[in-house]
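K.L.:
sequence-free structure coming up:
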């Protein structure tokens, strides 16, 4: 609609996805420090208000550069999920960490399920323009800010940092990334998001190749992406429940393997229903993986570094989000829209093999704590 030539469309889909994280990546450590020093609630509300501005700008975009400017602005919106996770962990009993974090993790997939479906109805059924959908999203983002500000309590961290923000931010980075278990979990999480970010922007392109252009395309995209996210939302609490009882690591391995299979199947599906089924499996795998990694971090990291670690938990996502769509754009340009899904399957499989070949992270941490002197 903004006039991008057909020959450049696949490349633009990937590159615009990378723009989301260009400005956000350097700010990740700062938001966590500001949240712990001053107010977690203010940092979360800030994110919703920036989101409102981003959607508003996108609603008025009439040229590709205007949309690019809106997408770049998302970088100032990021940095809220880790803050939310840190607050949730501080008020959740240890025996229910996996289930609680998984329920929290289901919120995003529910939004990704309802949002595309509603957009499809508004565009195909009610005749709305895409700009009108963005404007509605801006209003909903304002509502989010109001709900958080008036409907939640401030949760302060067990250890409130003191000192200069820049010093604390770099100190948090060194402390968190200096822990080998945290590095390993961050790497796993980054691998999963890399696989997802390489292929996810091209799901609508696969849908278009199956159903064609014209009326009904927006609804079909909404069904495939919405159903996938909804299944992920439903699976996440179940995975958290299983993780609390049989261990987070076995569930993580199964989820990574399932993600590889689903990603490989998606470009092979000849009709909308099996394509939606493959997307459901991929959505469940991605949601489960995130819940397991969050739960491992929430239980394996010492209390003194827990808030710092969870504040930075999306750092791997931002790095993968910056690299993944650009890599997907290059692969799609050469191999077509099927290429990113094959690459994603390979990355998922590599993650499953890496996790399965490692010794239990919980056992390693417990051994270190037993060997450490008391005091």
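P.N.:
All right, it came through fine. Since the structure is predicted, the reported quantities are computational estimates derived from the model, not experimental observations.
K.L.:
Please list all residues in contact with residue 278.
P.N.:
Residues near residue 278 by CB atoms under 8 Å, 6 or more residues apart in numbering: 262, 265-266, 269. For glycine as for every other residue, the C-beta is placed from the backbone atoms N, C-alpha and C.
K.L.:
ok, so of those, who is nearest residue 99?
P.N.:
Among the contacts of residue 278, residue 262 lies closest to residue 99 (CB to CB), at 24.1 Å.
K.L.:
and that closest one, which of the three is it?
P.N.:
Classification of residue 262 using DSSP: H, G, I helix; E, B strand; the rest coil returns helix.
K.L.:
what's the burial count for it?
P.N.:
Counted with other CB atoms under 10 Å, the neighbours of residue 262 add up to 25.
K.L.:
so which strand or helix has the closest residue to residue 80 other than its chain neighbours?
P.N.:
Among residues not flanking residue 80 along the chain, residue 47 sits closest, at 3.9 Å (CB to CB, 6 or more residues apart in numbering). Using DSSP states H and E, residue 47 sits within helix 40-59.
K.L.:
circling back: out of the contacts of residue 278, give me the one that has the most neighbours.
P.N.:
Highest neighbour count within those: residue 266, with 28 neighbours (other CB under 10 Å).
K.L.:
Excluding sequence neighbours, find me the nearest residue to that residue.
P.N.:
Spatial nearest neighbour of residue 266, excluding adjacent residues (CB to CB, 6+ apart): residue 278 at 4.5 Å.
K.L.:
Pretty sure residue 94 sits against residue 298.
P.N.:
No - judged on CB atoms under 8 Å, residue 94 makes no contact with residue 298 at a distance of 9.0 Å.
K.L.:
The two: which has the busier surroundings?
P.N.:
Between residue 94 and residue 298, counted using other CB under 10 Å, the more crowded position is residue 298 (24 against 10).
K.L.:
Distance check, the more buried one against residue 309.
P.N.:
According to CB to CB, to the nearest Å, residue 298 and residue 309 sit 9 Å apart.
K.L.:
got the contact list for residue 95?
P.N.:
Listed by CB under 8 Å, 6+ apart, the contact set of residue 95 reads residue 244.
K.L.:
and what of residue 148?
P.N.:
41, 44-45, 48.
K.L.:
circling back to that earlier point, list the buried residues for the helix holding residue 47?
P.N.:
Going by neighbour count (16 or more other CB atoms under 10 Å), the buried part of helix 40-59 is 40-41, 43-59.
K.L.:
orientation of whichever helix or strand comes after that helix relative to helix 40-59 in degrees?
P.N.:
Proceeding N to C from helix 40-59, the next assigned helix or strand is helix 64-73, under DSSP H and E. Angle of helix 64-73 versus helix 40-59, following axes from the mean of the first three to the mean of the last three CA atoms, to 10 degrees, is 170 degrees.
K.L.:
quick one: buried residues of helix 64-73?
P.N.:
Neighbour counts over helix 64-73 (16+ other CB under 10 Å) mark 67-68, 70-73 as buried.
K.L.:
centre of the chain versus the helix or strand harbouring residue 224, how much separation?
P.N.:
Per DSSP H and E, residue 224 falls inside helix 217-246. Centroid separation for helix 217-246 versus its chain: 13 Å, with CA atoms, centre = their mean, to the nearest Å.
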